[in-house]
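K.L.:
Quick one, structure for this:
(one chain, ligands or ions: 1)
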Amino acid sequence: MNTEITIELRNRSPMKFTGEEIAFVSTQREDEPRWTEMRIYRTAAGAYVFRRTGRSVMYHRPACGRIFGRMDMTMVDEPDEDWIPCDECLPDSDDEAVMLESDKEHARMAADVRQLVYAVQQRHRDTHELTLTPLGRQLLETAAETDPRIIDAVRERMLAAANGE
Ligand SMILES: [Zn+2]
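P.N.:
Numbering: from 1, shown residues only. Now for the predicted structure:
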């Protein structure tokens with residue numbers, strides 16, 4: 001079912017569209033303060049949106065060296081129960097406010113399934129080549145259950161990659 005979706009992007013205006021989520025994957029594990037979520041939406045106009053969210057529920061003391069100079073922190077009086085304290089500064093919420101790391105949003109609109117596969121690919125840290133991570137592949141395979149054309153585009157991309165293109 002199509003709904004109005006808004007993705008808040010840092011230092012940019014939010015991305016707004018009408019569409020539906022067709023795939024979601026997450027690396028979240030219990031007691032891990034940081035994880036990655038990926039989503040694919042299909043818009044009412046027939047385009048796709050790839051969204052990757054770096055989530056964090058780690059909080060710090062305001063003076064923690066780990067967050068020195070970071071502008072993406074939110075100061076709060078009381079941490080939520082499911083937030084996880086930094087193991088370096090060991091924040092104690094009884095005597096001061098704490099700093100929560102914010103989520104990092106990345107979103108890209110793709111006109112068709114081929115562009116969508118490109119959008120999901122990530123640049124390898126060492127080789128700088130665009131590659132499909134196992135999580136990205138899992139996301140596309142999930143989306144293909146709703147939209148089978150996506151798996152054709154994935155196969156085409158894997159074949160091209162195998163040929164060094
Ligand atoms: Zn800290």
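K.L.:
does residue 37 sit in a helix or strand, and which one?
P.N.:
If you go by DSSP states H and E, residue 37 is part of strand 34-43.
K.L.:
following that strand, which helix or strand shows up next?
P.N.:
Next element after strand 34-43 (DSSP H and E): strand 48-56.
K.L.:
Give me the residues contacting whichever helix or strand comes after that following strand.
P.N.:
Using DSSP H and E, the helix or strand that follows strand 48-56 in sequence is strand 58-60. Defining contact as CB atoms under 8 Å, 6 or more residues apart in numbering, one finds that strand 58-60 is touched by 33-34, 66-67, 73, 76, 79, 83-86, 88-89, 91, 98-101. (C-beta placed from N, C-alpha, C; glycine too.)
K.L.:
go with 6 Å
P.N.:
33, 67, 79, 83, 84, 86, 89, 91, 98, 99, 100, 101 (CB atoms under 6 Å, 6 or more residues apart in numbering).
K.L.:
Next: stretch 63-74.
P.N.:
60, 86, 88, 89, 99, 100, 102.
K.L.:
still on that earlier bit, okay, buried residues for the strand holding residue 37 please.
P.N.:
Counting neighbours by 16 or more other CB atoms under 10 Å, one finds that the buried residues in strand 34-43 are 37, 38, 39, 40, 41, 42, 43.
K.L.:
quick one, what contacts the closest residue to residue 138 other than its chain neighbours?
P.N.:
Leaving aside its chain neighbours, residue 138 sits nearest to residue 25 (5.2 Å; criterion: CB to CB, 6 or more residues apart in numbering). Neighbouring residues of residue 25 by CB under 6 Å, 6+ apart: 38, 135, 138, 139.
K.L.:
Among those, which one has the most neighbours?
P.N.:
Top of the contacts of residue 25 by neighbour number is residue 139, holding 26 neighbours under the definition other CB atoms under 10 Å.
K.L.:
what's the spacing between that residue and residue 19?
P.N.:
In this view, residue 139 and residue 19 are 16 Å apart by CB to CB, to the nearest Å.
K.L.:
can you list the residues of the chain near the ion?
P.N.:
60, 64, 66, 86, 88, 89 (CB under 5 Å from the ion).
K.L.:
Now list the buried members of the residues you listed.
P.N.:
For the residues of the chain next to the ion, buried by 16+ other CB under 10 Å: 60, 64, 86, 89.
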